[in-house]
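# No letters, just coordinates:
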């Protein structure tokens, strides 16, 4: 019974499992190799390439260039008004923007044969869309809240402000409020403690402390904080710009497929190309 069952299984596979037949038995496709002109290409232009291919199993029909597109977003925002810490939020994210697609097809011709290479030689180019040009919004001299929302999201500005607020200490409030012209006389909110670890008559300035010895930010100081907008927080007045950077750039991963008349193809190695 076991032998009969095994025979039935093999017969069924041979008759009906075309996937198994194609992959295990195998269909030999064309051999292909290529080089591209550069690792960088300008949007709206073409990338030159040189390809060699041949087939030992069937006639060549045509070749194709395919590529996917990756998008990289670089973001950075800095608050220049702090004294005890430097606060910068930055990110770099790359993700696939478009799956691999056919870009251009190339006809095959016998006169492409090269005796010296023992292969067909195709020298041509493939197009790169002008819409893939990089874009940058960097250190603008005028702040644009609509662009902040568009490039960073609806909640980003408030989240940034809250994150800075959590780290603020006396020296940060003092530098920020005096520098922004929010408070001329900061001394009224100031207390001091002698720090003998640093030497005699050395005092550390801070906000008044409560009965438990904890430094407490005065209500008036916090009230002023509520009036400060996100744009003021990132304004680098010393240099005349806002400390925000957004850059969107693209790259592609290109391959060449060489098809024979059966529709079987061989493919080259992938080439990663940055777009400028």
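Sure thing, it's come through. Just so you know, these numbers come straight off a predicted model, no measurement behind them. Numbers count the residues shown, from 1 in each chain.
# residues making contact with stretch 268-276?
32-34, 36, 38-43, 47, 51, 128, 132-134, 249-256 (C-beta atoms under 8 Å, 6 or more residues apart in numbering). Yep, even glycine has a C-beta here, placed from its N, CA and C like the rest.
# So which bits of that stretch are buried?
For stretch 268-276, the neighbour count (16 or more other C-beta atoms under 10 Å) marks 268, 271, 273, 275 as buried.
# Now that we have the contacts of stretch 268-276, which of them are buried?
By 16+ other C-beta under 10 Å, those give 32-34, 36, 41, 47, 51, 128, 132, 249-252, 254-256 as buried.
# Looking at the residues you listed, which are in strands?
32-34, 36, 41, 47, 51, 249-252, 254-256 (DSSP state E).
# Give me the three-state assignment for the closest residue to residue 230 other than its chain neighbours.
Spatially, and ignoring its direct neighbours in sequence, residue 230 is nearest to residue 157 (4.0 Å; C-beta to C-beta, 6 or more residues apart in numbering). Of the three states, residue 157 takes helix under DSSP: H, G, I helix; E, B strand; the rest coil.
# do the same with residue 176
For residue 176, the secondary-structure state derived from three-state DSSP is helix.
# Can you give me the separation between the nearest residue to it once chain neighbours are set aside and residue 181?
In space, and not counting its chain neighbours, residue 176 is closest to residue 81: 4.1 Å by C-beta to C-beta, 6+ apart. As defined by C-beta to C-beta, to the nearest Å, residue 81 lies at a distance of 12 Å from residue 181.
# These two - which one has more neighbours?
Neighbour tally, residue 81 and residue 181, criterion other C-beta atoms under 10 Å: the higher count belongs to residue 81, 24 against 7.
# Next up, phi/psi of that one, please.
With angles defined as degrees, to the nearest 10, residue 81 sits at phi -100, psi 0.
# Test my guess that it contacts residue 233.
Yes. The criterion here is C-beta atoms under 8 Å, and residue 81 meets it with residue 233 at 6.7 Å.
# phi, psi of residue 80?
Per degrees, to the nearest 10, the backbone of residue 80 is at phi -90, psi 0.
# Show the contacting residues for the residue nearest to it when sequence neighbours are not counted.
Of all residues not flanking residue 80 in the chain, residue 236 sits nearest, at 4.8 Å (C-beta to C-beta, 6+ apart). Listed by C-beta under 8 Å, 6+ apart, the contact partners of residue 236 are 78, 80, 139, 242-243.
# can you give me the helices for the stretch 101-250 of the chain?
145-152, 156-167, 170-180, 219-227, 230-233 (DSSP state H, counting those that start in this stretch).
# What separation is there between residue 191 and residue 223?
Residue 191 sits at a distance of 19 Å from residue 223 (criterion: C-beta to C-beta).
# what's the answer for residue 187, then?
Look at residue 187 and residue 223: by C-beta to C-beta, they are 18 Å apart.
# Neighbour count: residue 191 and residue 223, which is higher?
The residue with more neighbours, out of residue 191 and residue 223, is residue 191; 13 against 9, by other C-beta under 10 Å.
# Tell me if I'm right that the more buried one and residue 204 touch.
No. Residue 191 is beyond contact range of residue 204, at 9.6 Å (criterion: C-beta under 8 Å).
# what's the burial count for the closest residue in space to residue 44 that isn't next to it in sequence?
Sequence neighbours aside, residue 130 is the residue nearest to residue 44 in space, at 3.2 Å (criterion: C-beta to C-beta, 6+ apart). Neighbour count of residue 130, defined by other C-beta under 10 Å: 10.
# distance of residue 130 from residue 143?
Counting by C-beta to C-beta, the gap from residue 130 to residue 143 is 29 Å.
# Okay, and the beta partners of the closest residue to residue 125 other than its chain neighbours?
Taking C-beta to C-beta, 6+ apart, and ignoring the residues beside it in sequence, residue 125 has residue 46 as its nearest neighbour in space, at 3.9 Å. Counting by DSSP bridges, residue 46 is bridged to residue 127.
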